[in-house]
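Engineer: coordinates only, no sequence provided:
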């Protein structure tokens, strides 16, 4: 039996909640709102409101995922 190939997608297994939480901890809501100016980051931000918005808005989710990938340390 061979094992299935490992995914090369750096987002494989990373939940949207984890992404938003990590970015909020890394940058803070104000800086996150400056980098990606969407209402859920600018006005009364929370992980819950952000998840609701990002799950319905593919272009915003793509920007959040892109920022998350850029914030990861470089692979060895």
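Structural biologist: Noted; the coordinates are in hand. Treat the numbers as computed from the prediction; the structure is a model and nothing was measured. Numbers count the residues shown, from 1 in each chain.
Engineer: which SS class is the residue nearest the centre of the chain?
Structural biologist: In the chain, the centroid-proximal residue (Cα atoms, centre = their mean) is residue 19; its distance is 3.6 Å. Under DSSP: H, G, I helix; E, B strand; the rest coil, residue 19 falls in the helix class.
Engineer: host element of the closest residue to it other than its chain neighbours?
Structural biologist: Sequence neighbours aside, residue 68 is the residue nearest to residue 19 in space, at 4.7 Å (criterion: Cβ to Cβ, 6 or more residues apart in numbering). All C-beta spots, glycine's among them, are computed from the backbone N, C-alpha and C. Residue 68 belongs to helix 58-71 when elements are defined using DSSP states H and E.
Engineer: and that helix, what's buried?
Structural biologist: Buried residues in helix 58-71, counted by 16 or more other Cβ atoms under 10 Å: 60, 61, 63, 64, 65, 67, 68.
Engineer: which other helices and strands does that helix contact?
Structural biologist: Other elements packing on helix 58-71 under the criterion 3 or more Cβ pairs under 8 Å, 6 or more residues apart in numbering; DSSP states H and E are helix 16-35, helix 47-56.
Engineer: possible to save those as a markdown table with distance to residue 8 and mean pLDDT?
Structural biologist: Below are the helices and strands packed on helix 58-71 laid out as a markdown table (distance: least, Cβ to Cβ, whole Å; pLDDT from 0 to 100):
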| stretch | distance to residue 8 | mean pLDDT |
| --- | --- | --- |
| helix 16-35 | 18 | 96 |
| helix 47-56 | 23 | 96 |
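Engineer: if we can go back for a sec, now the residue nearest to the centre of the chain: how far from residue 47?
Structural biologist: Counting by Cβ to Cβ, to the nearest Å, the separation of residue 19 from residue 47 is 10 Å.
Engineer: from residue 36, how far off is residue 26?
Structural biologist: Counting by Cβ to Cβ - residue 26 and residue 36 are separated by 13 Å.
Engineer: those two: who's more crowded?
Structural biologist: It is residue 36, of residue 26 and residue 36, that has more neighbours when counted by other Cβ atoms under 10 Å, with 18 against 12.
Engineer: contacting residues for that one?
Structural biologist: The neighbourhood of residue 36, defined by Cβ atoms under 8 Å, 6 or more residues apart in numbering, consists of 60, 63, 64, 67.
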